[in-house]
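Engineer: This is the structure alone, sequence omitted:
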């Protein structure tokens with residue numbers, strides 16, 4: 001299997017059982033005050049209180065309807081929109097295209 005690095009170079013993936021942590025990236029909330037941060041509406045309060053946001057993040061549960069989010073603070077729209085729920089964030093179409101084009105797995109919309 002082959003993949004592209006961030007500069008667009010194609011590299012072979014090792015078949016070795018050794019994983020180099022330098023090959024991985026971590027996404028984390030930058031806690032920027034300028035970026036738009038979202039919060040859930042009253043519609044999601046029941047499942048959020050029951051801890052289902054973590055089940056949603058792991059792909060083990062889906063709400064019966066759309067997840068309704070409202071602006072909480074900030075206003076700058078970025079490719080990643082973080083929420084007041086620890087395990088839920090929104091991504092732009094650009095990010096989805098990158099994930100699809102590079103055959104990333106373990107995510108869903």
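Structural biologist: Cool, the structure landed. Computed from a prediction, not measured in an experiment: that's the story for all the values here.
Engineer: Spatially nearest residue to residue 81 (excluding sequence neighbours)?
Structural biologist: residue 90 (4.1 Å; C-beta to C-beta, 6 or more residues apart in numbering). The C-beta positions use only the backbone N, C-alpha and C, and glycine is treated the same way.
Engineer: Now do the helix ranked longest in the chain: distance to the chain's middle.
Structural biologist: In the chain, with assignment by DSSP state H, the single longest helix is helix 93-101. Distance, stretch centre to chain centre, for helix 93-101: 11 Å (C-alpha atoms, centre = their mean, to the nearest Å).
Engineer: where's the residue nearest to the spatial centre of the chain relative to residue 32, distance?
Structural biologist: Centroid-nearest residue in the chain, with C-alpha atoms, centre = their mean: residue 89, separated by 5.2 Å. Counting by C-beta to C-beta, to the nearest Å, the separation of residue 89 from residue 32 is 13 Å.
Engineer: just residue 47 next, same as before
Structural biologist: 27 Å.
Engineer: Compare these two (neighbour count), which wins?
Structural biologist: residue 47 (17 against 12; other C-beta atoms under 10 Å).
Engineer: Enumerate the positions of stretch 25-45 that are buried.
Structural biologist: 35, 36, 37, 38, 40, 44 (16 or more other C-beta atoms under 10 Å).
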